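J.: Return a 3D structure for these sequence lines:
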Amino acid sequence: MVKKIMKDIQNERDYRNIPIDKVGIKNLRYPITVLDRKNGFQHTVASINMYVDLPHNDKGTHMSRFVEILHLFRPEVSLKKIGDVLGQMKSHLNAASSHIEVTFPYFIEKTAPVSHSLGLMDYSCKFEGSSDHEDRVDLVSEVIVPISSVCPCSKEISECGAHNQRGKVTVRTRFKKFIWMEDMIELVEKAASCDVYSVLKRVDEKYVTEKGFSNPKFVEDIVRDVAKKLKEDDNITWFSVSAENFESIHNHSAYAQITSE
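T.: Numbering: from 1, shown residues only. A predicted model of the protein is given here:
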């Protein structure tokens, strides 16, 4: 029996003369290890996007190689290894540029303010890395922090009470040296009317309600307070901070953003 030769279509030439900026895989679930300030490290599961550029004369890229590259670094697919992953992507796929996005839940044990009950809070975090044709690597860290806020205007004009809502603050940073995600999370939580907990007893509910009421914040206040702290940190070379409140009395969200120069 004659063995049929398996034709590699993606290795053929393309004649439309149009290069592709990014081609690759999205939403690959993969186990990773991240540094944990309290416990040393933490295992979690990430959603990973990986892309390279494709020259105008190449028909396709080798999709399976992206997963193979990740497996070379298993289980240490972490921030400190992103530069190496990007280099391997360019080498294995004959690309001039590469890009990776690693999004994952990060868990922190948090103590309730009065009862001291313990619970796990999860925060959405992301590492983004890019390597260009000159092998310059750009890294961006992102954390999304849930918060609560009380409206200063509502408190001022109401005879009793004030409307309050949950929200989220997204902080993206470039940095000189490694930064702990816990530091960014704490910075945001201190800028909110009150932070959010996974476990609250009645004494804790009383505390967070009164704390928020005594510390009303607009989204503008929150992003300005976070930006002020980031500007004071010499390790941060660039940042973007945004706040979105899921308004309790409006059919829309309130939003504010500050991006450094």
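J.: okay, now the closest residue to Ile20 other than its chain neighbours: neighbour count?
T.: Residue nearest to Ile20 in three dimensions, not counting chain neighbours: Leu54, with 4.0 Å by C-beta to C-beta, 6 or more residues apart in numbering. C-beta coordinates here come from the backbone N, C-alpha and C atoms, glycine included. Leu54 is flanked by 23 other residues according to other C-beta atoms under 10 Å.
J.: now Ser193
T.: Other residues lying near Ser193 total 25 when counted by other C-beta under 10 Å.
J.: domain ranges for the protein?
T.: Domain segmentation of the chain under automatic domain parsing yields 12-104, 136-261.
J.: How far away from the center of its chain is the first one?
T.: Put plainly, it is domain 12-104. 16 Å (C-alpha atoms, centre = their mean, to the nearest Å).
J.: One more: the last one?
T.: On the basis of C-alpha atoms, centre = their mean, the separation between the geometric centre of domain 136-261 and that of its chain is 15 Å.
J.: The strand or helix carrying Phe107 pairs with which strands, parallel or anti?
T.: Using DSSP states H and E, Phe107 sits within strand 98-111. As defined by DSSP bridges, the strand partners of strand 98-111 come to strand 40-54 (antiparallel), strand 118-131 (antiparallel).
J.: List the contacts of Leu54.
T.: Neighbour list for Leu54: 19-20, 23, 60-61, 95 [criterion: C-beta atoms under 8 Å, 6 or more residues apart in numbering].
J.: ok, residues contacting the longest strand along the chain?
T.: If you go by DSSP state E, the chain has its longest strand at strand 20-36. With contacts defined as C-beta under 8 Å, 6+ apart, strand 20-36 is touched by 41-54, 60-61, 63, 66-67, 70, 74-79, 99, 102, 104, 106, 125, 178, 180-181.
J.: What subset of those residues is buried?
T.: By neighbour count, with 16 or more other C-beta atoms under 10 Å, the contacts of strand 20-36 hold 42, 46, 48-54, 61, 66, 70, 77-79, 99, 102, 104, 106, 125, 181 as buried.
J.: how many neighbours does the closest residue to Pro216 other than its chain neighbours have?
T.: Closest residue to Pro216 apart from its sequence neighbours, by C-beta to C-beta, 6+ apart: Pro152 at 3.9 Å. By other C-beta under 10 Å, 15 other residues sit near Pro152.
J.: Can you give me every residue that contacts Pro152?
T.: 216-218, 221.
J.: now these as JSON lines including distance to Ala227, pLDDT and secondary structure?
T.: Below are the contacts of Pro152 laid out as JSON lines (distance: C-beta to C-beta, whole Å; pLDDT from 0 to 100; DSSP: H, G, I helix; E, B strand; the rest coil):
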{"residue": "Pro216", "distance to Ala227": "19", "pLDDT": "97", "secondary structure": "coil"}
{"residue": "Lys217", "distance to Ala227": "14", "pLDDT": "96", "secondary structure": "coil"}
{"residue": "Phe218", "distance to Ala227": "14", "pLDDT": "96", "secondary structure": "coil"}
{"residue": "Asp221", "distance to Ala227": "11", "pLDDT": "98", "secondary structure": "helix"}
